[in-house]
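Participant: Pasting the sequence and the predicted coordinates here, then a few questions.
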Amino acid sequence: MGIGRIAVALAAAAALTACASVVEGSPKGERPDPTKVAGLEISNGPSGPKQGVPDADLNVENGDGGEMDQLAINTLADVQEFWKAEIPRAFAGKTFEPVKRFLSYDSAGKGVEVCKLDTTGVANAFYCALDDSITWDRGELLPMLKDAFGPMAVVTVLAHEMGHAVQYKLGAASNIGPNTPSIVKEQQADCYTGVFMRWIAENKSKHFELSTGEGLNQVLQTMFFIRDSAGTSFEKQGAHGSAFDRVSAFQFGFVRGAARCAEINEAEINKRITERPFDLSDKDQGQGRGNARIDQDKYLKALDESLRDAYKSSGAAFPTVDKGGIKPCNDAQTTSPATFCPSTNQIQLDLPSLVKIGTPPKKGTKGGIGDFAAFAVIASRFSLSIQHATGFPLDDDAAGQRTACLTGAWAGLTNRPDAAAGLKLSPGDLDEAVAELLADNSLIASDVNGKAVPSGFARVEAFGDGFFRGSSYCVKKYSI
């Protein structure tokens, strides 16, 4: 995050209007249920291949018959079964023709020629429209994904490639043509992946099961891992999107289905996408480009000014900020590295811990997340002060989601081109928010006592609701 533009008017009272750009329509009286994820009960059972189920049998060229190939075969068999039924249902008059060719290779071994590409040393998975094929690296890519995030990471990546097959086969029905930008294709494929993953979560898959708690979190962590690097332009050939963009597209599909995926076109991308290159103001100050050391007074002052300006229409008395550490509170449990005490209307900060969160990890080492994750943690506690002043309970079932949503709305306003001078989003900032929201101890999506929304999916969804739809949507949706 950098010094540049301040968010203009964010409100947390029910009568206040939305300020962020709207891409998903208006709320229709829905109310959050913290025990569910997009209408499904939160579960933390097993995720991955079902036990005792016969393996699928697909013709795979150059396969070795090993574990990775069989995992790929079972995935592709199930995802094709899904789209064979789903496309006629979602797209009237359309049918799904199975992919014609599957090919496996080992990137560390002898290369094969596919789609005018030599696979030697290429750790990838891809769909090729030239011969209607899906190809994967069984030697490095698939084992790495499985080891890092579990077998559903492999399912996620291959479902994404089948998403490309779906969009090409649908053509104009999916807003796909010969000159469609790559970012549109990739965002659609992420969205179609979400549609398929919901089918698994509903226990309709023959070979796989997916819990909506930890299992779905691992899928979202996979989407985070395969994001574009910070500073990539969405207009670049081959751009897939930031983690925030990719997770958002996935959630569109999971929540709203295949028809929502087909709505992703250039106009929708231009309105919604957050991925952009660094500009001249995004300088490396020793924390990595676009990252600030958050204990510097100028940044804390800019954050405070942006939050005060954002909530100025609420009529609330703004909280004081104590940078001297966390102290006991009479009417709330303390949280770290930032806490809000209702009885004193004070935010207290543990600056050394915030600096740790705000310092991005260097290559090959463990570290924090990035400056925006730390700024958003503080902003979440600030939003609790506004909620308290405007009559909202701080520990009801919706408090964590409402807090995440209002924090997202504030973030959305810092991203507006017409915002005043002050803090502004830098490339990679929203990805830092996603990382914090997917952490077990997320504070951005927690109530005054630190009780976090149990589902990472629901946390990110609430933050995105605020970012895309604005504060009035947060108040309407996340009120019990």
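Facilitator: Cool, got the structure. Numbers count the residues shown, from 1 in each chain.
Participant: Now the element after the helix or strand of the chain with the lowest mean pLDDT, going C-ward?
Facilitator: Least confident helix or strand, the chain: strand 2-6 with a mean of 33, by mean pLDDT, DSSP states H and E. Per DSSP states H and E, strand 2-6 leads on to strand 36-37 as the next helix or strand towards the C-terminus.
Participant: list the helices and strands that next one packs on?
Facilitator: helix 456-469 (3 or more C-beta pairs under 8 Å, 6 or more residues apart in numbering; DSSP states H and E). C-betas here are computed from N, CA, C, even on glycine.
Participant: same thing but 7 Å
Facilitator: In terms of contacts (3 or more C-beta pairs under 7 Å, 6 or more residues apart in numbering; DSSP states H and E), strand 36-37 is not packed against any helix or strand.
Participant: Okay, now the sheet partners of that strand, with direction.
Facilitator: strand 40-41 (antiparallel) (DSSP bridges).
Participant: immediately after the strand it pairs with, which helix or strand?
Facilitator: The helix or strand immediately downstream of strand 40-41 is strand 48-49, counting by DSSP H and E.
Participant: How far does that next one sit from its chain's centre?
Facilitator: From the chain centre to the centre of strand 48-49 is a distance of 23 Å (C-alpha atoms, centre = their mean, to the nearest Å).
Participant: please renumber so the chain begins at 53
Facilitator: Shifting the count to begin at 53 puts that one at strand 100-101.
Participant: pLDDT (mean, whole number) over the helix or strand just after that strand?
Facilitator: Following strand 100-101 in sequence order, the next helix or strand is helix 119-142 (DSSP H and E). Here helix 119-142 scores 98 as its mean pLDDT.
Participant: which helices and strands sit right next to helix 119-142?
Facilitator: In this structure, helix 119-142 packs against strand 153-157, helix 193-201, helix 203-222, helix 234-253, helix 310-314, with contacts taken as 3+ C-beta pairs under 7 Å, 6+ apart.
Participant: Using CSV, list the CA coordinates for the third one.
Facilitator: By that I understand helix 203-222. Provided in CSV are the C-alpha atoms of helix 203-222 (Å, rounded to 0.1, in the frame of the first residue of the first chain):
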residue,chain,number,x,y,z
PRO,A,203,-5.0,-34.1,-3.9
MET,A,204,-7.8,-31.6,-4.4
ALA,A,205,-5.2,-29.2,-5.7
VAL,A,206,-4.6,-31.5,-8.6
VAL,A,207,-8.3,-31.7,-9.2
THR,A,208,-8.6,-27.9,-9.1
VAL,A,209,-5.9,-27.4,-11.7
LEU,A,210,-7.2,-30.0,-14.1
ALA,A,211,-10.8,-28.8,-13.6
HIS,A,212,-9.5,-25.4,-14.7
GLU,A,213,-8.1,-26.9,-17.9
MET,A,214,-11.4,-28.6,-18.6
GLY,A,215,-13.0,-25.1,-18.0
HIS,A,216,-11.0,-24.0,-21.1
ALA,A,217,-12.4,-26.9,-23.0
VAL,A,218,-15.9,-25.9,-21.9
GLN,A,219,-15.6,-22.3,-23.0
TYR,A,220,-14.1,-23.2,-26.4
LYS,A,221,-16.9,-25.8,-27.1
LEU,A,222,-19.5,-23.2,-26.1
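Participant: and the direction of that helix versus that of helix 193-201, what angle?
Facilitator: Interaxial angle of helix 203-222 relative to helix 193-201 (axes from the mean of the first three to the mean of the last three C-alpha atoms, to 10 degrees): 130 degrees.
Participant: And the residue located most distally from the centre of the chain, how close does it get to E318?
Facilitator: Farthest-out residue of the chain from its mean C-alpha position, per C-alpha atoms, centre = their mean: K162, at 36.4 Å. With the distance defined as C-beta to C-beta, to the nearest Å, K162 ends up 40 Å from E318.
Participant: repeat for L465
Facilitator: Noted for L465: a distance of 25 Å to E318, by C-beta to C-beta.
Participant: what do you get for V166?
Facilitator: 29 Å.
Participant: Compare these two (neighbour count), which wins?
Facilitator: Comparing V166 with E318 by neighbour count (other C-beta atoms under 10 Å), the higher total belongs to V166, at 20 against 13.
Participant: what's the distance between the residue lying closest to S257 once chain neighbours are set aside and F143?
Facilitator: By the measure of C-beta to C-beta, 6 or more residues apart in numbering, the closest residue to S257 outside its immediate chain neighbours is D130, 5.0 Å from it. Plainly put, D130 is 20 Å away from F143 if you go by C-beta to C-beta.
Participant: any idea how far the residue most central in space within the chain lies from H259?
Facilitator: Residue closest to the average C-alpha location in the chain (C-alpha atoms, centre = their mean): V299, at 3.2 Å. Distance, V299 to H259, using C-beta to C-beta: 25 Å.
Participant: quick one, what contacts the closest residue to E315 other than its chain neighbours?
Facilitator: Leaving out its chain neighbours, the residue that sits closest to E315 by C-beta to C-beta, 6+ apart is N227, at 7.5 Å. Taking C-beta atoms under 7 Å, 6 or more residues apart in numbering, we find N227 in contact with A314, I316, N317.
Participant: and which of these is nearest to N111?
Facilitator: Minimum distance to N111 across those is 29.8 Å, recorded for A314 (C-beta to C-beta).
Participant: That closest one: what's it in contact with?
Facilitator: By C-beta under 7 Å, 6+ apart, the residues touching A314 are A225, S226, N227.
Participant: So for the residues you listed, which is the shakiest by pLDDT?
Facilitator: N227 (94).
Participant: all strands of the stretch 353-502 of the chain, in order?
Facilitator: In the stretch 353-502 of the chain, the segments counted as strands under DSSP state E, counting those that start in this stretch are 372-374, 390-393, 398-401, 472-476.
Participant: that older thread, just curious, which of the contacts of N227 is nearest to L436?
Facilitator: So of the contacts of N227, ranked by how close each gets to L436 (C-beta to C-beta), first place is I316, at 34.6 Å.
Participant: Please read off the pLDDT at that closest one from the model.
Facilitator: We have a pLDDT of 97 for I316.
Participant: didn't it look like it was pressed against A241?
Facilitator: No. Using C-beta atoms under 7 Å, I316 makes no contact with A241, being 9.7 Å away.
Participant: In the protein, where is pLDDT below threshold?
Facilitator: Scanning the chain with the threshold set as pLDDT under 70 gives 53-84, 86, 283, 332-339, 342, 415-419, 469-474.
Participant: Repeat the analysis, applying 50 as the threshold.
Facilitator: Within the chain, the stretches with pLDDT under 50 are 54-81.
Participant: which parts of stretch 308-327 are buried?
Facilitator: Buried positions in stretch 308-327, judged by neighbour count with 16 or more other C-beta atoms under 10 Å: 308-310, 312-314, 316-317, 320-321, 324-327.
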